[in-house]
Structure formats: structure tokens, C-alpha cells
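Enquirer: For reference, the sequence and a predicted model appear below.
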Amino acid sequence: MANSPQTFEKRLERVREIVALLEAGDVPLEEGVRLFQEGVRLSGECALELKQARIIVENAGNTPEENA
């Protein structure tokens, strides 16, 4: 996959596919290295998106209520 899938869910699904392929051990070395690199990149993107979502959720809980 040249480009990252658009959504968090699609990136996570692709990471799971890559893990399954690598665990099966049926891929040639070069393909395995390429898949590993893709998985690392995608998992990093997922981790960043989760971190950003966590910050948004935490900040939403810290907003002062109107007319309090």
C-alpha cells in the first residue's frame, strides 16, 4: 500500500493484516521487510491519532460549564 488508508479503523485493519502475514512466515524476506516497515509506519500513525483523540477528550472534560 503506497498511501495510508484514510481512517484510523482502516489503518488498524491493515496493521492486523500485516501482522497475520508476517506471523504466517510465508512471505519472502524483501516483502517481509517492506510489510514490517509499512506496519511500523501505520502503527505510529494510529498511535498519534489516539494521542490526539485522548487530548481532545481530556480537554473537553476541562471546559467550564456555562452559567455555573
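Expert: Perfect, I can see it now.
Enquirer: buried stuff in the helix or strand hosting V19?
Expert: V19 is part of helix 8-24, with elements assigned from DSSP states H and E. With burial defined by 16 or more other CB atoms under 10 Å, the residues of helix 8-24 counted as buried are 11-12, 14-15, 18, 21. To be clear about C-beta, it is placed using only N, CA and C from the backbone, and glycine gets the same treatment.
Enquirer: What is it packed up against?
Expert: Using 3 or more CB pairs under 8 Å, 6 or more residues apart in numbering; DSSP states H and E, the elements in contact with helix 8-24 are helix 29-60.
Enquirer: on that earlier part again, out of the buried residues of helix 8-24, flag the one nearest to Q37.
Expert: I18 (9.7 Å; CB to CB).
Enquirer: Run through the residues that contact the closest one.
Expert: 35-36, 38-39, 42 (CB atoms under 8 Å, 6 or more residues apart in numbering).
Enquirer: Quick one: buried ones out of these?
Expert: Burial by neighbour count, judged by 16+ other CB under 10 Å, picks out 35, 38-39, 42 from the contacts of I18.
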